[in-house]
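# Have a look at this prediction, sequence included:
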Amino acid sequence: MKNQKTRCAWVNLNNPLYVAYHDEEWGVPCHDETTLFEMLNLEGAQAGLSWETVLNKRESYRAAFDHWDARKIANYDERKVAELLANPGIVRNRLKVAATITNARSYLRLCEEVGGLDPYLWGFVDGKPIRNAWKELGQAPAKTPLSDTISKDLAKRGFKFVGSTIIYAYLQGIGLIDDHVADCHCHGRKH
């Protein structure tokens, strides 16, 4: 194909949502609180599944979880949980749904303590994204000392589904870490 852009090998080129996610969002520094909260929960929902599965359900998640309004989510009751578990538009896993509610409560406490996920996360890297230059996908780690540290701290703060591997993927997704491979058209772009 003429003018075909080179992308990271994990992208399903047949899925426009996935291509757009790779090209426009993954590895791009994010400072929006709602998106940071959304992505933390979506990465947790992805545990044991493919990211593409969750990405394809992203709009359903937004509708089901009140557009990621943490104050509303923190007050969900058993009736709302039952409604969520019956919703085919999301991953219907009781532990993951409960984790999202717990995460909303933990997030609200984090906001009171440090101002939110933006100052909390970016404080770990002095506000500057980590930009790697892997030649191939297999060189990128599944977790690092940074993801270990953030994972442990989030767990201590009451967050669920925040293991180090999930957190590393989260940090990539929100652009705290830019792991586009060296020959990808997104590698080294200015944000």
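Yep, it's here. Numbers count the residues shown, from 1 in each chain.

# Just the local confidence number for the residue lying closest to residue 87 once chain neighbours are set aside, please.
Leaving aside its sequence neighbours, residue 87 sits nearest to residue 64 (Cβ to Cβ, 6 or more residues apart in numbering; 5.3 Å). Where C-beta positions appear, they are placed from N, C-alpha and C, glycine not excepted. We have a pLDDT of 98 for residue 64.

# list the contacts for residue 64?
With contact taken as Cβ atoms under 8 Å, 6 or more residues apart in numbering, residue 64 is in contact with 84, 87, 89, 90.

# what's near enough to touch the spatially most central residue of the chain?
In the chain, the centroid-proximal residue (Cα atoms, centre = their mean) is residue 39; its distance is 3.1 Å. The contact partners of residue 39, by Cβ under 8 Å, 6+ apart, come to 30, 170, 173, 174.

# quick one on the thing from earlier: pull out the buried residues from the contacts of residue 64.
With burial judged by 16 or more other Cβ atoms under 10 Å, the buried subset of the contacts of residue 64 is 84, 87, 90.

# could you give me the average pLDDT of stretch 184-191?
Averaged across stretch 184-191, pLDDT comes to 83.

# Let me see the backbone angles for residue 130.
phi -80, psi 120 (degrees, to the nearest 10).
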